[in-house]
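J.: structure of the sequence below:
(chains A and B)
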Number of protein chains: 2
Amino acid sequence: MDSRKLLVDTMSELMWERGYSDTSPRDVRERSGVGQGSMYHHFPTKRDLALAALERNVDDLVPAGSELDGPGDPMARIEAYLMRPRDVLKGCKVGRMTQDPQVREDPALLAPVSRAFAQAHANLVGVLREAIAARELRDDLNPEQLAHTLMAVLQGGYVLAIAQQDPGPFDDARAGAIDLLRAASPSVLNQERN
Amino acid sequence: MDSRKLLVDTMSELMWERGYSDTSPRDVRERSGVGQGSMYHHFPTKRDLALAALERNVDDLVPAGSELDGPGDPMARIEAYLMRPRDVLKGCKVGRMTQDPQVREDPALLAPVSRAFAQAHANLVGVLREAIAARELRDDLNPEQLAHTLMAVLQGGYVLAIAQQDPGPFDDARAGAIDLLRAASPSVLNQERN
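T.: Sure thing, here's the model as predicted:
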């Protein structure tokens, strides 16, 4: 196997498990089995390797062909996105980087994290606009704000679930968000009026 | 000043700024000015000190007499709780502990974090029930789930704001949540019908 790819995969896993600050170059070498010479050939510093690993983890937050781009009604796609199975107690491999002191103080390391969230936000805003146009959501809602609300529900759901060591609060948070979205449908008004 | 209190205050600050893993006993001594002998007298280990500091930080998440307990309509209290000014780019001093590898793997250190969120959840569930009873919220909403949704909006809002180094996404997330809550009011139906 390509040793560069092996290093990036291993760093990506370790950053998800322990974060950046707590992962040493030796940890990466021990888990990957790649030697010191080869490691320094590909990545002169831990930060270089972390940048490559972050780029990889970021692709997982905004996967090509996600539920949001799929066929179906806009609201069904938003619900599918929220309900996607996730490894809740491990947390979000991108979001957790914001809590890592060495990442949050390093603009270069924070940049891929910031880009990933901006992309996820743009995708969600697009589908929320479609849902409003399709009269699945009230037209007085602000898609830019609401997209951040839904992203925060997922990111905060991880925090609550890890605190309780139980995926329950994550599932609650997204189920409650979906109930609120459904209550914000103009068709609810129609049903009540009929 | 009492050196025990000074140590706890300093550890509490450092854990908020850098987390637990990245804070050394020497960091605490240097910032507090408390000597090594006095430190080990009060707190034989860094973990003992961290437990005392966590207990303190947890009180800030669930402050006595918070907006939730105040006078006013239940929904107005929920909105005041969501809109409370917060030091967004520093993050939540309790929530961030869930991302600290040494905290999340240590049940004793995670326990105060878990208790704090359970208490905040119970408080919010109580006020959401009042809001439903007062017909400010639809009675088909699940207060237990919705309380986790609102807590996740705040916790996730910090993550999004830190990623962008901008409090905007935090403010968006809570504004969007308030819009959804208002859309989930049965009085919206009444207004539409009139």
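J.: contacts and neighbour counts: CA atoms only from here.
T.: Fine.
J.: could you see whether chain B lies near stretch A:46-55?
T.: No. Applying Cα under 8 Å from any Cα of the partner chain, one finds stretch A:46-55 separated from chain B by no less than 13.1 Å.
J.: let me see the mean pLDDT of that stretch.
T.: The average pLDDT within stretch A:46-55 is 94.
J.: before we move on, what about stretch A:90-110?
T.: 90.
J.: ends of that stretch, what's the gap?
T.: 20 Å (Cα to Cα, to the nearest Å).
J.: go on, stretch A:61-76?
T.: Where stretch A:61-76 begins and where it ends lie 19 Å apart, using Cα to Cα.
J.: kindly report the same for stretch A:89-109.
T.: Stretch A:89-109: ends 24 Å apart by Cα to Cα.
J.: name the residues that touch it?
T.: By Cα atoms under 8 Å, 6 or more residues apart in numbering or on different chains, the residues outside stretch A:89-109 that reach it are A:15-17, A:19-21, A:47, A:50-51, A:54, A:57-58, A:61, A:110, A:113, A:155, A:158-159, A:161-162, A:165-167, B:17-19, B:22, B:96, B:99-100, B:159-160, B:162-163.
J.: helices of chain A, start to end?
T.: A:3-18, A:25-32, A:36-42, A:46-61, A:74-83, A:101-104, A:107-133, A:143-164, A:168-183, A:186-193 (DSSP state H).
J.: same list (these) but as a markdown table, adding distance to B:His42.
T.: Conversion of these to a markdown table gives the following (distance: least, Cα to Cα, whole Å):
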| stretch | distance to B:His42 |
| --- | --- |
| helix A:3-18 | 30 |
| helix A:25-32 | 34 |
| helix A:36-42 | 43 |
| helix A:46-61 | 37 |
| helix A:74-83 | 47 |
| helix A:101-104 | 27 |
| helix A:107-133 | 38 |
| helix A:143-164 | 27 |
| helix A:168-183 | 36 |
| helix A:186-193 | 60 |
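J.: identify whichever of those lies nearest to B:Asp140.
T.: Comparison of the helices of chain A against B:Asp140 by Cα to Cα identifies helix A:168-183 as nearest, at 8.9 Å.
J.: residue ranges with poor pLDDT in chain A?
T.: A:1, A:63-65, A:187-194 (pLDDT under 70).
J.: could you rerun that using 80?
T.: Applying pLDDT under 80 to chain A flags the ranges A:1, A:60-65, A:70, A:187-194.
J.: domains of it?
T.: Chain A breaks down by automatic domain parsing into domains covering A:1-61, A:63-194.
J.: among those, which is the most enclosed?
T.: domain A:63-194 (a mean of 20; mean count of other Cα atoms under 10 Å in any protein chain shown).
J.: quick one, what contacts A:Met11?
T.: So A:Met11 contacts A:Val28, A:Leu49, A:Ala50, A:Ala53 (Cα under 8 Å, 6+ apart).
J.: and A:Ala183, by the same measure?
T.: Contacts of A:Ala183 by Cα under 8 Å, 6+ apart are B:Leu180, B:Ala183, B:Ala184.
J.: kindly recompute the last result at 10 Å.
T.: A:137-138, A:177, A:189, B:138, B:140-141, B:180-186 (Cα atoms under 10 Å, 6 or more residues apart in numbering or on different chains).
J.: among the domains of chain A, which comes closest to B:Val125?
T.: domain A:63-194 (12.3 Å).
J.: spatially nearest residue to A:Leu160, not counting backbone neighbours?
T.: A:Pro169 (6.0 Å; Cα to Cα, 6 or more residues apart in numbering or on different chains).
J.: should've said A:Ala163
T.: B:Ser114 is the one closest to A:Ala163 (Cα to Cα, 6+ apart), at 4.9 Å.
J.: quick one: contacts for the one you found?
T.: Contacts of B:Ser114 by Cα under 10 Å, 6+ apart are A:Leu160, A:Ala161, A:Ile162, A:Ala163, A:Gln164, A:Gln165, B:Val58, B:Val94, B:Gly95, B:Thr98, B:Pro107.
J.: next: A:Glu13.
T.: A:Glu13 makes contacts with A:Leu7, A:Gly19, A:Val28, A:Ala53, A:Asn57, A:Lys93, as judged by Cα under 10 Å, 6+ apart.
J.: report the contact partners of the third one.
T.: Listed by Cα under 10 Å, 6+ apart, the contact partners of A:Val28 are A:6-14, A:34-36, A:39, A:46, A:49.
J.: okay, the residue nearest the centre of chain A and A:Gln119: tell me how far apart.
T.: For chain A, A:Leu61 is the residue whose C-alpha lies nearest the centre (Cα atoms, centre = their mean; 4.0 Å). Relative to A:Gln119, A:Leu61 is positioned 9 Å away (Cα to Cα).
J.: also A:Ile78?
T.: The value you get for A:Ile78 to A:Gln119, if Cα to Cα is used, is 15 Å.
J.: how about A:Met75?
T.: Taking Cα to Cα, one finds A:Met75 at 19 Å from A:Gln119.
J.: same check on A:Ala76?
T.: Distance from A:Ala76 to A:Gln119, by Cα to Cα: 20 Å.
J.: now A:Ala161
T.: 25 Å.
J.: re the thing from before, between the contacts of A:Ala183, which is nearest A:Asp69?
T.: When the contacts of A:Ala183 are compared against A:Asp69 (criterion: Cα to Cα), the nearest one is A:Leu137, at 18.1 Å.
J.: quick one: residues contacting the closest one.
T.: With Cα under 10 Å, 6+ apart, A:Leu137 has these contacts: A:74-75, A:128-131, A:143, A:181-188.
J.: list the contacts of the nearest residue to it once chain neighbours are set aside.
T.: Leaving aside its sequence neighbours, A:Leu137 sits nearest to A:Ser185 (Cα to Cα, 6+ apart; 4.4 Å). Contacts for A:Ser185 (Cα under 10 Å, 6+ apart) come out as A:Met75, A:Ala131, A:Ile132, A:Arg135, A:Glu136, A:Leu137, A:Arg138, A:Asp139, B:Ala183, B:Ala184.
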